[in-house]
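1. Please find the sequence and the predicted model below.
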Amino acid sequence: MPRLDELAETLAPLLGGFLPRQRWYAGDEAPADVAVTTLDARDGDPLLVWLLVDAIAADGSRATYQIVLGGRPAPCDCEFLQGKGRVTLGEVEGWIYYDALVDPDLALVVLDKVAPDESANVARPLVVEQSNSSVVYDERLILKLFRRVHPEPNPDVEVTRLLGERGFPHVVPQLAELRYEGADLAVVRQYLLGSNDAWALAHTSLRDLLATPGPPEEAGGDFGPEAVTLGDVTARLHLAMADVFGTEPGAPKDWLDGFRAQLERLATLLDGAATPVSHEPVDLDAIAAALAALVDVGDPGLATRIHGDLHLGQVLLADAGWFVLDFEGEPVRPVAERVAVTSPLRDVAGMVRSFHYAARTGLAERGRDIDPELTELADRWEARAADAFWHGYRSVDGIDRLLPASPADRESLLRAFELDKAVYEIIYELSHRPDWVHIPLSAVRRTLALVA
């Protein structure tokens, strides 16, 4: 049996190779060094060790990650580890170590530590692409473990709690939270059994449309009514956020500074790329000029806290209605940018960009079976969804007070935020899904053509 007081030091040499294999690791390379803090440990078979790991880059910069490890005597013929080499740390002194959340027994231990007032019998890890890790318990509770840990409060926990306390009906009830020295580590919420996210609903609509071509509004799975409701919920979210966090005059200069910082991150990424992006040049100067022109408006409207990463995958339809998830903001951006007040139009732009993603990926599902007629249909679906969303959004009483009074200023700012979102998407796709980078690149070309 390994000594728990020495375990972190023993495992530290393996963590540098473990981190880059994880979907939630934000670095481009393995850390030059790691520093480990043990938060908790449990003896026995299986044992559990709960760590905060500082990944230290060659330039001395640090990023902190949360890793909960399980350990069993080797060899471990455990079904839950079959085909999961990515989450296996390795063998040390006759014990095999791995991500504890994939172990059904240890996942229940983790729940007890985060939410001691709750209990469960069955744990089911969610195997999806995300920057955190989640486990469902008894199809009733869901635990989210934050992998990248920041010293300040996590926006997802903070915003969900405050909106829930206000009585906003479109957030999932928050049942328990775990913190360490002011940092949010994990949260447990009600699990919405039988819910579907809007991304899945949009793809169902697109499959119906592309399989039986015709006007999008006449398709069997017309997405228009859902888009109207999503617009309504988003406007009500913004009014609730304004009520909780307050408002201040919009600051186009600050927004433009944020756009330029994003472009600098893209420029740095492109400079380090081994190959050109899809063999297409990215005209950063043209993007910068377009953003400056689009944000130069007479009336920017008001600024408040917003969702920050609103898209079809962040909204669930359950028996009780629509629920908005994941208020962390865009993981590529620094936390200070994510929690800064800004125009609600940034969230509108995020959803509009998501309609474009749905249309493009819906086409891609058909493989080579794509012709100009289907491409036009997908474009019409996208335009109809965006128009319906905007109609639902603008129909909510009181939302106009947050927006620019001039329709021209609204359109200009919306295009600016859409273009900035596409720049963010290029960065994200280059880092995680290079095969998808053509989607935001096409959006950039489209916007630049409209502004020219």
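-> Yes, it's here. Residues are numbered from 1 along each chain as shown.
2. Only C-alpha atoms from now on, for both contacts and neighbour counts.
-> Will do.
3. shouldn't Pro300 be in contact with Leu402?
-> No - at 9.2 Å, Pro300 and Leu402 do not qualify as touching, with contact defined as Cα atoms under 8 Å.
4. shared neighbours of these two, anything?
-> Shared contacts of Pro300 and Leu402 (Cα atoms under 8 Å, 6 or more residues apart in numbering): Ser343.
5. Buried ones in the helix or strand of the chain with the lowest mean pLDDT, by neighbour count?
-> Ranking every helix and strand in the chain by mean pLDDT, DSSP states H and E puts helix 335-338 at the bottom, with a mean of 84. Neighbour-count burial for helix 335-338, counted by 16 or more other Cα atoms under 10 Å, picks out 335, 338.
6. residues in contact with it?
-> Against helix 335-338 from outside (Cα under 8 Å, 6+ apart): 258, 308, 328-330.
7. so of these, which ones are in helices?
-> Mapping the contacts of helix 335-338 onto helices (DSSP state H) picks out Gly258.
8. Of the contacts of helix 335-338, which pair is most distant in space?
-> Gly258 and Glu328 (17.6 Å; Cα to Cα).
9. Just the C-alpha atoms of stretch 262-275, please, in PDB.
-> Provided in PDB are the C-alpha atoms of stretch 262-275 (Å, rounded to 0.1, in the frame of the first residue of the first chain):
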ATOM      1  CA  GLN A 262      -8.200  38.300 -29.800                       C
ATOM      2  CA  LEU A 263      -6.600  39.100 -33.200                       C
ATOM      3  CA  GLU A 264      -3.200  39.100 -31.500                       C
ATOM      4  CA  ARG A 265      -3.800  35.700 -30.100                       C
ATOM      5  CA  LEU A 266      -4.700  34.400 -33.500                       C
ATOM      6  CA  ALA A 267      -1.600  36.000 -35.000                       C
ATOM      7  CA  THR A 268       0.600  34.300 -32.500                       C
ATOM      8  CA  LEU A 269      -1.100  31.000 -33.200                       C
ATOM      9  CA  LEU A 270      -0.700  31.400 -36.900                       C
ATOM     10  CA  ASP A 271       2.900  32.300 -36.600                       C
ATOM     11  CA  GLY A 272       3.500  29.000 -34.700                       C
ATOM     12  CA  ALA A 273       1.500  26.900 -37.100                       C
ATOM     13  CA  ALA A 274       3.400  24.200 -38.900                       C
ATOM     14  CA  THR A 275       1.200  24.400 -42.000                       C
END
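10. Just the buried positions in it, please.
-> Neighbour-count burial for stretch 262-275 flags 262-263, 265-266, 269-270 (criterion: 16+ other Cα under 10 Å).
11. Also stretch 397-406?
-> So stretch 397-406, judged by 16+ other Cα under 10 Å, has buried residues 399, 402-404.
12. tell me how far the ends of it are from each other?
-> From its first residue to its last, stretch 397-406 covers 17 Å (Cα to Cα, to the nearest Å).
13. Give me the mean pLDDT for that stretch.
-> Regarding stretch 397-406, the rounded mean pLDDT is 97.
14. distance between it and the chain's centre?
-> 27 Å (Cα atoms, centre = their mean, to the nearest Å).
15. List the contacts of that stretch.
-> 235-236, 238-239, 299-303, 343-345, 393-394, 410.
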